[in-house]
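1. could you look at this predicted model? Sequence included:
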Amino acid sequence: MSTVVIEVGVDVPNASVMVIEDANRFGLSQLHQLRGRVGRGEHQSYCILIADATTGDAEERLKVLEETTDGFRIAEADLKIRGPGDVMGTRQSGMLEFKVADLISDGPVLEQARQGAIAILAEDANLSLPANRLMLEQVRKRRSDEAMISVS
């Protein structure tokens, strides 16, 4: 049996079969991108995931890939399973310390809050107005005196 190694990111125009060993060790986005490397030609294609899914999270990730090819649904599932990580730090997974919000189910409310923050910062970028000082104090209390405030 011979093994062919293809550098990730290189297109093989008529590839119709891809086998990914230890698929449980990859993230959903990686697996979705790899799966997208086959089936670009006119022939029926297959992506075979071989995994030893010993954890509930690994099983759940592979089930998502089995059920959909929609990148948005995959990203949403990844967010639910792994969490968003530390937005202001270096952790790439894990749950945030929100007390009252859920990134997925409270998306519209969080977007309203984001728009409100943009409006406040447009008027008072340094939060130096008396009405905004309490917000700056709270940010500094949670982060540091050098906390950077950025909304995009």
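-> Cool, the structure landed.
2. ranking helices and strands of the protein by mean pLDDT, which lands last?
-> Least confident helix or strand of the chain, by mean pLDDT, DSSP states H and E, is helix 133-142 with a mean of 82.
3. any idea how far it is from the chain center?
-> Distance, stretch centre to chain centre, for helix 133-142: 28 Å (C-alpha atoms, centre = their mean, to the nearest Å).
4. may I have that helix as PDB, with CA atoms only?
-> Output in PDB follows, covering the C-alpha atoms of helix 133-142 (Å, rounded to 0.1, in the frame of the first residue of the first chain):
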ATOM      1  CA  ARG A 133     -16.100  57.400  33.400                       C
ATOM      2  CA  LEU A 134     -17.800  54.500  35.200                       C
ATOM      3  CA  MET A 135     -17.500  52.400  32.100                       C
ATOM      4  CA  LEU A 136     -13.700  53.100  31.800                       C
ATOM      5  CA  GLU A 137     -13.300  52.300  35.500                       C
ATOM      6  CA  GLN A 138     -15.000  48.900  35.000                       C
ATOM      7  CA  VAL A 139     -12.900  48.100  32.000                       C
ATOM      8  CA  ARG A 140      -9.700  48.900  33.900                       C
ATOM      9  CA  LYS A 141     -10.900  46.900  37.000                       C
ATOM     10  CA  ARG A 142     -11.400  43.800  34.800                       C
END
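5. list the buried residues for that helix?
-> residue 136 (16 or more other C-beta atoms under 10 Å). For glycine as for every other residue, the C-beta is placed from the backbone atoms N, C-alpha and C.
6. could you do stretch 63-77 as well?
-> By 16+ other C-beta under 10 Å, the buried positions in stretch 63-77 come out as 64, 65, 74, 76, 77.
7. once you drop chain neighbours, what's closest to the second one?
-> Going back to what we said before, that points to residue 65. Leaving aside its chain neighbours, residue 65 sits nearest to residue 31 (5.6 Å; criterion: C-beta to C-beta, 6 or more residues apart in numbering).
8. what is the neighbour count of residue 80?
-> 13 (other C-beta atoms under 10 Å).
9. so where does the residue nearest to residue 65 fall, helix or strand?
-> Using DSSP states H and E, residue 31 sits in helix 28-35.
10. check which helices and strands that helix sits against.
-> In terms of contacts (3 or more C-beta pairs under 8 Å, 6 or more residues apart in numbering; DSSP states H and E), helix 28-35 is packed against strand 17-20, strand 46-49, helix 56-67, helix 71-82.
11. and the next element down the chain from the last one?
-> So that's helix 71-82. helix 107-123.
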